[in-house]
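Engineer: have a look at this fold, sequence not included:
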């Protein structure tokens, strides 16, 4: 388990997380995240080769309901918090024709 | 009235010795008097609360049926959705967010007649142990204004401790109900995972989060738990069991009791004063005839590491919805849609939230998933197993809530890891999904509250609360009032 996150990695993670960081933040986070990662590396002391993972402490199965449609949120309610709205749509910058898409 | 518990207020209103309007007005007056200094509330819905109070009073005057909490003022942590006002999660990214629906717990409280007077402060998105990570302002501990109230439910804890409301809801992912309850000298219960619906609780760590009551005594905690618990088909992690009946069963004799004390929890790192308070508390149980049994939770030292990996991984996924598109803060002039996401999130989130999102993203990313996230899930299995073994030898576990009483504002904020290490006694319970309660059990030399934590087996809240209640019958820690609120307690 690598224990250091350098600034290049921090920038990469920031891209994956969709967070635009300042240079100052990159430097600070690199230091802080490295310290935290070094600490969690402690888990390597344990042999878990024969242990099953627990994703949910209280496992529940088949939490289904009957497939019957119910009243959805009204369009105006759904759009009430929209930063920008156009008719019954959320308005955003162009998605297509972008190299970064 | 400010000295009255929620149950006493409920009885007085039902018996027409007090009106709900009076009860709400007293709370609003307490808030006006103290909240300028304490800063527990992010928003107060005074007019709405008075309207609701009048409606309850009207129904009572006509002799109509009202709910078990009719007329009782309460507060709700601001990560629980309410259709009225805002639901901000103490984050700039949701500063103006008005939820289109009520959380199930909110609907249940109101159906029972409770009156939500306001939304309380928290660490942003419930990420923190001191409420210093709030994107709005810091809440102060009513026992000492230079100290933190604990977190992340610091606002709810402070509001109850300062007698601004008799009861509040908090949420607990790694200790966020129990720790502030301990720091503020009140009762805080984290139920079994799945006991209380998470529908409308803004998700942080979905396999860890639970909502619970924060009150001045165990009876009120039982009363609130009975109202908010129960299966909810809108939460697929909700246990298929009806609500608890813990209030009615609270006074049942506790019978023979084996109290387990985990040796790993009374080791080094624990402040002497806290150790002394916890040991005295355990002696109270000995006095009641309980047998004290030493047990071991051998994987305890790995709990913080496992928790933070799991919580951060889940958080990175849960917080990806805040992207400036559908609701919440949007950056004013993005270059393109990727910039829209990246700048909205960077400008809207605080530092701790960014740290956790990034670490979570890293732990889940290709090449690291097995080494970090999956490894943590396996350690979780071992930790859960420790409790299964321990509960073969005892009925409840007793231990500290925190290594120290409330620390000073600013003391740990520069060192995230130091802050995380304070969660050592609370965190395992969230990993294992078990119930736990913090009850007032002592006071430091400096006059700061010290809590005792009782941990129970799966779905055993009724018994856990009986055992907690028995302690209250023998002690008076839960009746102490912070000096700032003392002159005004009725």
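Structural biologist: Sure thing, it's come through. Predicted model, so just to flag it, every value in this text is computed and none were measured. Numbers count the residues shown, from 1 in each chain, chains lettered A, B, ... in the order given.
Engineer: briefly note if stretch B:222-234 comes near chain A.
Structural biologist: Yes - among the residues of stretch B:222-234, residue B:233 lie within reach of chain A under CB under 8 Å from any CB of the partner chain. All C-beta atoms are positioned from the backbone trio N, CA, C, and that covers glycine.
Engineer: give me the residues contacting that stretch.
Structural biologist: A:65, B:6-7, B:10, B:67-69, B:74, B:104-105, B:108-109, B:112, B:114, B:167, B:169, B:189, B:191, B:195-197, B:199, B:211-213, B:215, B:238-247, B:250, B:461, B:465, B:469 (CB atoms under 8 Å, 6 or more residues apart in numbering or on different chains).
Engineer: at 7 Å instead, please
Structural biologist: Here stretch B:222-234 makes contact (CB atoms under 7 Å, 6 or more residues apart in numbering or on different chains) with A:65, B:6-7, B:68-69, B:104-105, B:108-109, B:112, B:167, B:189, B:191, B:195-197, B:199, B:211, B:213, B:215, B:238-247, B:250, B:461, B:465.
Engineer: can I get the buried ones among those residues as something I can paste into PyMOL?
Structural biologist: Selection of buried members from these for PyMOL, criterion 16 or more other CB atoms under 10 Å in any protein chain shown:
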select buried, chain B and resi 6+7+68+69+104+105+108+109+112+167+189+191+195+196+197+199+211+213+215+238+239+244+246+247+250+461+465
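Engineer: for chain A, just list every one of the helices.
Structural biologist: Per DSSP state H, chain A carries helices over the ranges A:7-16, A:23-40, A:75-79.
Engineer: before we move on, back to that, so which of the contacts of stretch B:222-234 belong to strands?
Structural biologist: Counting by DSSP state E, these place B:167, B:189, B:211, B:213, B:215 in strands.
Engineer: so can I have JSON lines of those showing pLDDT and distance to chain A?
Structural biologist: Output for these, formatted as JSON lines (pLDDT from 0 to 100; distance: CB to the nearest CB, whole Å):
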{"residue": "B:167", "pLDDT": "98", "distance to chain A": "26"}
{"residue": "B:189", "pLDDT": "98", "distance to chain A": "17"}
{"residue": "B:211", "pLDDT": "98", "distance to chain A": "15"}
{"residue": "B:213", "pLDDT": "98", "distance to chain A": "20"}
{"residue": "B:215", "pLDDT": "98", "distance to chain A": "24"}
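Engineer: quick one: classify whichever residue of the stretch 101-250 of chain B sits closest to chain A as helix, strand or coil.
Structural biologist: Relative to chain A, the nearest point of the stretch 101-250 of chain B is residue B:236 (4.0 Å; CB to the nearest CB). Under DSSP: H, G, I helix; E, B strand; the rest coil, the three-state class of residue B:236 is coil.
Engineer: count the neighbours of the spatially closest residue to it that is not a sequence neighbour for me.
Structural biologist: Nearest residue to residue B:236, sequence neighbours excluded (CB to CB, 6 or more residues apart in numbering or on different chains): residue A:63, at 4.0 Å. Counted with other CB atoms under 10 Å in any protein chain shown, the neighbours of residue A:63 add up to 13.
Engineer: ok, now the one 10 residues further on?
Structural biologist: Residue A:73 has 11 neighbouring residues, counting by other CB under 10 Å.
Engineer: quick one, phi/psi of it?
Structural biologist: With angles defined as degrees, to the nearest 10, residue A:73 sits at phi -60, psi 130.
Engineer: so who does it touch?
Structural biologist: Neighbour list for residue A:73: residue B:100 [criterion: CB under 7 Å, 6+ apart].
Engineer: give the contact list for residue B:296.
Structural biologist: Taking CB under 7 Å, 6+ apart, we find residue B:296 in contact with B:262, B:263, B:264.
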